[in-house]
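Undergrad: give me a 3D structure for the following:
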Amino acid sequence: MLSKERTIEKFNQQIEAIPKLKQQKSFSPEFTKWQRDTQVLIEKIFGERTRHIKDFDKINFSVVVASNLTPPSAFQEAYRDGLDQAQSILQSFIDEVVDYWDDSVAANSRDCLSIIEQICNRFHRVVKQLRSRHENRETLDVKDEYDVQDLLHSLLLLEFDDVRPEEWTPNRAGSNSRMDFLLKKEQTVIEVKKARNRLGAKEVGEQLIIDIERYRTHPDCKILICFVYDPEGQIANPRGLENDLSGNKDGLTVKVIISPIF
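TA: Next up is the predicted model:
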């Protein structure tokens, strides 16, 4: 995974290419390559389902509503305006890296985040595969939150050497709580929930807000990943809940992952 300095350098390279692209006709082969290279870079740095790639993909490089009467100059102007927006967004990414990435843990943490995100996004596929065994042999069927934790623990061990289940969190409001998993070296905590009847978007959101506040002061937690397994689609707007609760919370990077998405 790229270091903080290399990440800044790569984003600057994409920005430095923009003036030359503006001099070319819209959607030239050079622009097509630049656009894809930038998308890949953003996904590699921040993840595939983050606000960062969504913000970049929202940029319009052409006229939104066009007709036969729309002059060619309008398309070229929209193309240049799109490049200006792209430059502003890429500069914002650089500012975020400069302001919020810890030099000592940034590369490892981002790599860790990408790995766990992939595991969570493919979790339901693993569950379905486990149900299909030769001669209908017994298997693990994920029915409740404990089953989710057990299977996720096994999958994490494929990628991480030190996975600590149920570590104590600091005393809060007169009582201690347990976190589901701590990756101490990566300074990452994973909280697991399974959506079900009476635990929909509102209830899950309320629980996650409490979790975020609790882990904000934990000395071993720089990244909090909240994995919500929702095989029945109990959460009506999963993307909205992810976007509302993910982000930087007073120095704690929070990533909410709801999977699967129907």
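
Undergrad: for the protein, longest helix please?
TA: Determined from DSSP state H, the single longest helix within the chain is helix 72-100.

Undergrad: give me the low-pLDDT residue ranges for the stretch 151-262 of the chain?
TA: Across the stretch 151-262 of the chain, residues meeting the criterion (pLDDT under 70) sit at 166-179.

Undergrad: how about 50 then?
TA: Along the stretch 151-262 of the chain, segments meeting pLDDT under 50 span 171-176.

Undergrad: need the helices for the stretch 151-262 of the chain, in chain order.
TA: Assigned by DSSP state H, counting those that start in this stretch, the stretch 151-262 of the chain shows helices spanning 201-215, 238-245.

Undergrad: how about these, which one is nearest Ile18?
TA: Closest approach to Ile18 among the helices of the stretch 151-262 of the chain (C-beta to C-beta): helix 238-245, 27.4 Å. For the C-beta atoms, the positions are set from N, CA and C on the backbone; glycine is no exception.

Undergrad: so what's Leu90 up against?
TA: The contact partners of Leu90, taken as C-beta atoms under 8 Å, 6 or more residues apart in numbering, are Phe11, Gln14, Ile15, Thr38.

Undergrad: for Thr38, see how far away the first one is.
TA: Look at Phe11 and Thr38: by C-beta to C-beta, to the nearest Å, they are 9 Å apart.

Undergrad: swap in the third one?
TA: Relative to Thr38, Ile15 is positioned 10 Å away (C-beta to C-beta).

Undergrad: give me the more crowded residue out of the two.
TA: Taking other C-beta atoms under 10 Å, Ile15 and Thr38 do not tie; Thr38 has more neighbours (21 against 18).
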